[in-house]
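Sequence plus predicted model, see below.
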Amino acid sequence: MAARKVIVFGPTGAVGSAAARTAASLGAEVTLAMRDTAKVIPGLDDEKEKNGAFERTQADLTNPDTVRDAVSKSGAKYAFIYLAFGMPDNMKSTIEALKSAGIELVVFLSSFTVRGDLRAIEPSDIIPYVHAQVELNLEEIFGADGFVAVRPGSFASNNLPYKEAIEKGEVKLWVPDAKLDNIVPEDIGRVCGTVLAKGSQDDQRVVYLYGPTLSTQSDTIKTLAEALGKDPKMTKADEQEAYKMFTEERGMPPHLANYMIRQARKAAPEGSEYHVFGTSIEEEHMSNVQKYTGQRATSLEEWAQQAFATS
């Protein structure tokens, strides 16, 4: 049987890189679609790339013509894409380019905040809204069976900006008791790469992914601090301080910072032990990383030891 040909957009990111490497390890021929083909791909050195089934090509998800050209050149039938912010048509022209160039199945990196009736999500709920619009465009162009939406929870890597504050000895947190699942980006990529190379399990078209355990923001910081050998003071930030942290320290646009503040402020659903920042999640979905890849999800402790040792 001929090797499955796949194309991965954004392979220089942690998720895209892991998706590409996983698909190749499962026998797929992988085209690495990049804005800058000279950039380093995490986990893929020159020797591994030369000896593996990889090919680089230039493409930009915000430029449909380059997407069409890259897919046509690769001969790929399966594609991994992520949200390209700022496209006025919510990536519809890019998705049309994928379809016209011969892609049969798209694996889209979405968000766990996308729930319920996608058309009912309000634009003010910016994270679920923009991801939902792309999912709706995928359904319109590829049909319900032509894409898989991978919806991960809160990324462990979102905690990296806290490193400096931990080292300085004081960390301010907005809603310290809010729970996080801290899924590791490489685990998300492993699932995406598996779907690219082998298809979805049980014909699932939506795959929720979470880390193996839930912990509060304050407990998450304690775990990160232990990896750094620190014991910082933790204080609760007020809304103004939270807004400043999001906009000035993390570079978020105001509408996104306001969404994050509102979302974190939401109370946990009554009677729900399983929730992330006030959003109920399904306990069984916390095992989806292992279900799809055959390997358990990386713990926050393991991620912190590696991330802070190399950062």
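Happy to help now that I have it.

What is the longest helix of this protein by residue count?
Ordering each helix of the chain by length in residues (DSSP state H) puts helix 126-142 first.

Off-centre distance for that one?
15 Å (C-alpha atoms, centre = their mean, to the nearest Å).

Extract the C-alpha set from that helix and format it as PDB.
Only the C-alpha atoms of helix 126-142 are listed here, as PDB (Å, rounded to 0.1, in the frame of the first residue of the first chain):
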ATOM      1  CA  ILE A 126     -13.800  35.700  20.800                       C
ATOM      2  CA  ILE A 127     -11.900  32.400  21.300                       C
ATOM      3  CA  PRO A 128     -14.800  30.000  20.700                       C
ATOM      4  CA  TYR A 129     -16.300  32.400  18.000                       C
ATOM      5  CA  VAL A 130     -13.300  32.500  15.700                       C
ATOM      6  CA  HIS A 131     -12.700  28.800  15.900                       C
ATOM      7  CA  ALA A 132     -16.300  28.000  15.400                       C
ATOM      8  CA  GLN A 133     -16.400  30.100  12.200                       C
ATOM      9  CA  VAL A 134     -13.600  28.100  10.700                       C
ATOM     10  CA  GLU A 135     -15.300  24.800  11.700                       C
ATOM     11  CA  LEU A 136     -18.500  26.100  10.000                       C
ATOM     12  CA  ASN A 137     -16.600  26.900   6.900                       C
ATOM     13  CA  LEU A 138     -14.900  23.500   6.900                       C
ATOM     14  CA  GLU A 139     -18.300  21.800   7.200                       C
ATOM     15  CA  GLU A 140     -19.700  23.900   4.300                       C
ATOM     16  CA  ILE A 141     -16.800  23.200   2.000                       C
ATOM     17  CA  PHE A 142     -15.700  19.700   3.000                       C
END
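
And the contacts of it?
83, 85, 89-92, 95-96, 99, 105-106, 108, 110-111, 113-115, 118-119, 121-123, 146-147, 149, 151, 255-256, 259, 263 (C-beta atoms under 8 Å, 6 or more residues apart in numbering). Heads up, the C-betas are built off the backbone N, CA and C, glycines and all.

Apply 7 Å and report the result again.
For helix 126-142, contacts defined as C-beta atoms under 7 Å, 6 or more residues apart in numbering pick out 83, 90-92, 95-96, 99, 106, 108, 110-111, 113-114, 118, 121-123, 147, 149, 255-256, 259.

what packs against the helix or strand where A20 lies?
Assigning secondary structure by DSSP states H and E places A20 in helix 14-25. Counting contacts by 3 or more C-beta pairs under 7 Å, 6 or more residues apart in numbering; DSSP states H and E, helix 14-25 is packed against strand 5-9, strand 29-34, helix 185-198.

One more pass at 10 Å, please.
strand 5-9, strand 29-34, helix 46-51, strand 54-58, strand 78-82, strand 105-109, strand 147-152, helix 185-198 (3 or more C-beta pairs under 10 Å, 6 or more residues apart in numbering; DSSP states H and E).

Using CSV, write out every CA atom in it.
Presented in CSV, the C-alpha positions along helix 14-25 are these (Å, rounded to 0.1, in the frame of the first residue of the first chain):
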residue,chain,number,x,y,z
ALA,A,14,5.1,22.8,19.0
VAL,A,15,1.8,21.2,17.9
GLY,A,16,2.6,21.3,14.2
SER,A,17,6.1,19.8,14.7
ALA,A,18,4.8,17.0,16.8
ALA,A,19,2.0,16.3,14.2
ALA,A,20,4.5,16.1,11.4
ARG,A,21,6.9,13.9,13.2
THR,A,22,4.1,11.6,14.4
ALA,A,23,2.6,11.2,11.0
ALA,A,24,6.0,10.4,9.5
SER,A,25,6.7,7.8,12.3
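
what angle separates it from strand 29-34?
Calculated by axes from the mean of the first three to the mean of the last three C-alpha atoms, to 10 degrees, helix 14-25 forms an angle of 160 degrees with strand 29-34.

Any idea how far helix 14-25 is from the middle of the chain?
13 Å.

what angle do that helix and strand 54-58 make?
Going by the same axes, to 10 degrees, helix 14-25 makes 140 degrees with strand 54-58.

where are the low-confidence patches of the stretch 201-311 of the chain?
By pLDDT under 70, the weakly predicted segments of the stretch 201-311 of the chain are 267-272, 310-311.

Would you list the phi and psi of N288?
When read as degrees, to the nearest 10, the backbone of N288 gives phi -70, psi -30.

Please read the previous query as pertaining to G116.
Dihedral angles for G116 - degrees, to the nearest 10 - are phi 70, psi -150.

Renumber starting at 37 from here on
Renumbered: residue one is now 37, and that last one reads G152.

what's around it, how many residues?
Residues near G152, counting by other C-beta atoms under 10 Å, number 9.
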